[in-house]
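**Student:** Task: produce atomic coordinates for the following.
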Amino acid sequence: MAETQATYALITGASKGIGKAMAIALAKRKVNLLLVARSLTALTHLQEEIQASYDIKVFSLSIDLSEPNAASELYQWVEKKQINISILINNAGFGLWGKFSELKLSEQLEMCQLNMNMITSLCHYFLPMLQKQKQAYIMNVCSTAAYQAVPTMAVYSATKAYVLLFTRALRFELKDSRVSVTCFSPGPVDTGFAERAGLDAFSKMAEKFNMKPDEVAEIALKGMFAKKSEIIPGFTNIISVYANRILPKAFIEKMAAGIYKV
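**Tutor:** Below you'll find the predicted structure:
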């Protein structure tokens, strides 16, 4: 029998950073969790930590979401558990830094698969389930990089622009439904993203502007439950996004190129 009365949230990229912080924040709200990430060890530790501290149900799945069939496998895993989720948080993703021509094509396509195709697939798979709930939420984690082209992070910023526009359109399509759709666009967060992206030169500067994952996660969840369309945490990030709307694109791209210079 499906657990239709229980509230479950599915979080991708849940083993560390913002995803982990969101999992803990939801656990404090007594929301049951489905945690998904690649690292089995990190997932197991997080699951044990949450179960020891909060009276909720927690299940975890170790899977590489950049694989083409991963979305289907994830959906089948949830179906087999006969769990109906009411919250879908698409948090998994990564970035690469460097000139487009010098980065490996295979790694850039893997980034496209995870940052765009996975989010699209999971929204499509789980939307029928979400629409059956009394109230449901989708949060797609984006980035302030979505609001302008970023030289040396060309593909990453383009994937996040896709997430932003896709989420806006999906929200409009579902505006009269029980599913609220939110786009969450953080700036620099202390998650190890810069190291994963190869942004060694940017790491020291990012430390001045980094926000903490638990702080960012709380802002995101409060906004999601308030049914906000777009959430940008941090005053500096908000100002930068609004500047992108009024300043010439060539000027913004030149500034971005200077910040992320190879």
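**Student:** Spatially central residue in this structure, please.
**Tutor:** residue 91 (2.2 Å; CA atoms, centre = their mean).
**Student:** Am I right that that one is in contact with residue 19?
**Tutor:** Yes - with contact defined as CB atoms under 8 Å, residue 91 counts as touching residue 19 (4.3 Å). From N, CA and C alone the C-beta is placed, and that goes for glycine too.
**Student:** overlap in contacts of these two?
**Tutor:** Common contact partners of residue 91 and residue 19 (CB atoms under 8 Å, 6 or more residues apart in numbering): 11-13.
**Student:** Using CSV, lay out the residues you listed together with neighbour count and secondary structure.
**Tutor:** Shown next, in CSV, are the shared contacts of residue 91 and residue 19 (neighbours: other CB atoms under 10 Å; DSSP: H, G, I helix; E, B strand; the rest coil):
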residue, neighbour count, secondary structure
11, 25, strand
12, 28, strand
13, 25, coil
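**Student:** which one of those residues sits closest to residue 57?
**Tutor:** Using CB to CB, residue 11 is the member of the shared contacts of residue 91 and residue 19 that sits closest to residue 57, with 13.9 Å.
**Student:** Show the pLDDT at that closest one.
**Tutor:** pLDDT recorded at residue 11 is 98.
**Student:** Contacts only, for residue 177.
**Tutor:** Shown in contact with residue 177 (CB under 8 Å, 6+ apart): residue 131.
**Student:** Same check on residue 183?
**Tutor:** Contacts of residue 183 were listed using CB under 8 Å, 6+ apart, and they are 139-140, 142, 163-164, 167-168, 171, 229-231.
**Student:** wait, what's in contact with residue 223?
**Tutor:** Residue 223 neighbours (CB under 8 Å, 6+ apart): 182, 184, 231.
**Student:** That one: which element?
**Tutor:** Assigned by DSSP states H and E, residue 223 falls within helix 213-225.
**Student:** After that helix, which helix or strand is next?
**Tutor:** Once helix 213-225 ends, the next helix or strand along the chain (criterion: DSSP H and E) is strand 230-231.
**Student:** Now find how far off-centre that following strand is within its chain.
**Tutor:** Distance, stretch centre to chain centre, for strand 230-231: 12 Å (CA atoms, centre = their mean, to the nearest Å).
**Student:** Check stretch 79-89 too.
**Tutor:** Centre to centre, stretch against its chain (CA atoms, centre = their mean), the figure for stretch 79-89 is 18 Å.
**Student:** Would you mind listing the buried residues in it?
**Tutor:** Using 16 or more other CB atoms under 10 Å as the burial criterion, the residues of stretch 79-89 that qualify are 83-89.
**Student:** How about stretch 215-230?
**Tutor:** Neighbour-count burial for stretch 215-230 flags 216-221, 223-224, 230 (criterion: 16+ other CB under 10 Å).
**Student:** And for stretch 130-140?
**Tutor:** Going by neighbour count (16+ other CB under 10 Å), the buried part of stretch 130-140 is 130, 133, 136-140.
**Student:** ok, so of the residues you listed, who is nearest residue 116?
**Tutor:** Closest to residue 116, out of all of these and judged by CB to CB, is residue 140, at 10.4 Å.
**Student:** tell me which residues form a beta bridge with that closest one?
**Tutor:** The residues listed as beta-bridge partners of residue 140 by DSSP bridges are residue 90, residue 183.
**Student:** and it, what does it touch?
**Tutor:** By CB under 8 Å, 6+ apart, the contact list for residue 140 reads 90, 119, 123, 163, 166-167, 181-184.
**Student:** For those residues, give me JSON lines that also has distance to residue 60 and pLDDT.
**Tutor:** Shown next, in JSON lines, are these (distance: CB to CB, whole Å; pLDDT from 0 to 100):
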{"residue": "90", "distance to residue 60": "17", "pLDDT": "98"}
{"residue": "119", "distance to residue 60": "20", "pLDDT": "98"}
{"residue": "123", "distance to residue 60": "21", "pLDDT": "98"}
{"residue": "163", "distance to residue 60": "24", "pLDDT": "98"}
{"residue": "166", "distance to residue 60": "27", "pLDDT": "98"}
{"residue": "167", "distance to residue 60": "26", "pLDDT": "98"}
{"residue": "181", "distance to residue 60": "25", "pLDDT": "98"}
{"residue": "182", "distance to residue 60": "24", "pLDDT": "98"}
{"residue": "183", "distance to residue 60": "26", "pLDDT": "97"}
{"residue": "184", "distance to residue 60": "22", "pLDDT": "97"}
